[in-house]
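J.: Below: sequence and its predicted model.
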Amino acid sequence: MERKELYELIDIESAADFSYFENLAALIECDEELEYEDVAELIASADMLKLAELLDDYFEEITEYIPAAETEVFTVFENIRHSLVGMARNATDESITARLAEEIERFRRWYSIDSRVYVKQGGESVARIHTLRDAILISRLERIDGSTNEYDFTETREYELEEYIMSFADMLALAEGEAEYDEDSDGL
């Protein structure tokens, strides 16, 4: 896919326009072959604090629809989330930005192209193979149409994270976020 086509796909005119949740979602959910250089340029030109916020919001949204029984998959997504958000928050030089672009691209390929989830929809006797992206979409649709499906996420429970050491500031921000979540959920 050429750069111009990528920009059309994620609804931007230039790399500098990459600043909305929908842009990030379109990039991550793209199941086409992308040129790494184009993805790297996109990430490098982004406001890193804004990108960290977008990544955090994106993972917040998709993890909400992971079936409750799939705690291992949820944990994998949370680990990826913390790693990507932490890298974006601490992207102080080109090497970290380049690593972030590599990790976003690796996640995109795994999530939207290479992963395999087996789903039996609406009482079907044979499971169909879907990507994680599509299985989570099916899970989202359950809440709308009231259907119940069976999922087998076994092949998606392993995702090797590149070693990334969280800064003390990341750990504090994570702890504060969890504390805010706990305070919010006390009233439920």
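T.: Perfect, I can see it now.

J.: For the residue nearest to the spatial centre of the chain, give its distance to L84.
T.: With the centre of the chain defined as its mean C-alpha position, the nearest residue by Cα atoms, centre = their mean is F59, 5.0 Å away. Noted for F59: a distance of 8 Å to L84, by Cβ to Cβ, to the nearest Å. No exception for glycine: its C-beta is placed from N, CA and C like everyone else's.

J.: cool, H130 as well?
T.: 23 Å.

J.: ok, these two, which is more surrounded?
T.: It is L84, of H130 and L84, that has more neighbours when counted by other Cβ atoms under 10 Å, with 22 against 18.

J.: OK, contacts around that one?
T.: Residues in contact with L84 (Cβ atoms under 8 Å, 6 or more residues apart in numbering) are 55, 59, 100, 103-104, 107.

J.: If we use 6 Å, what do you get?
T.: Residues in contact with L84, defined by Cβ atoms under 6 Å, 6 or more residues apart in numbering, are 55, 103.

J.: What about the residue nearest to R128 when sequence neighbours are not counted? Give its phi and psi, please.
T.: Counting by Cβ to Cβ, 6 or more residues apart in numbering, R128 lies nearest to V119, which is 5.7 Å off, once chain neighbours are set aside. The phi/psi pair for V119 (degrees, to the nearest 10) reads phi -130, psi 130.

J.: What are the buried residues along the helix or strand where L42 lies?
T.: Using DSSP states H and E, L42 falls within helix 36-45. Buried residues in helix 36-45, counted by 16 or more other Cβ atoms under 10 Å: 38-43.

J.: got it, and stretch 55-74?
T.: Using 16+ other Cβ under 10 Å as the test for burial, stretch 55-74 gives 55-56, 58-59, 62-63, 66-67, 70, 73-74.
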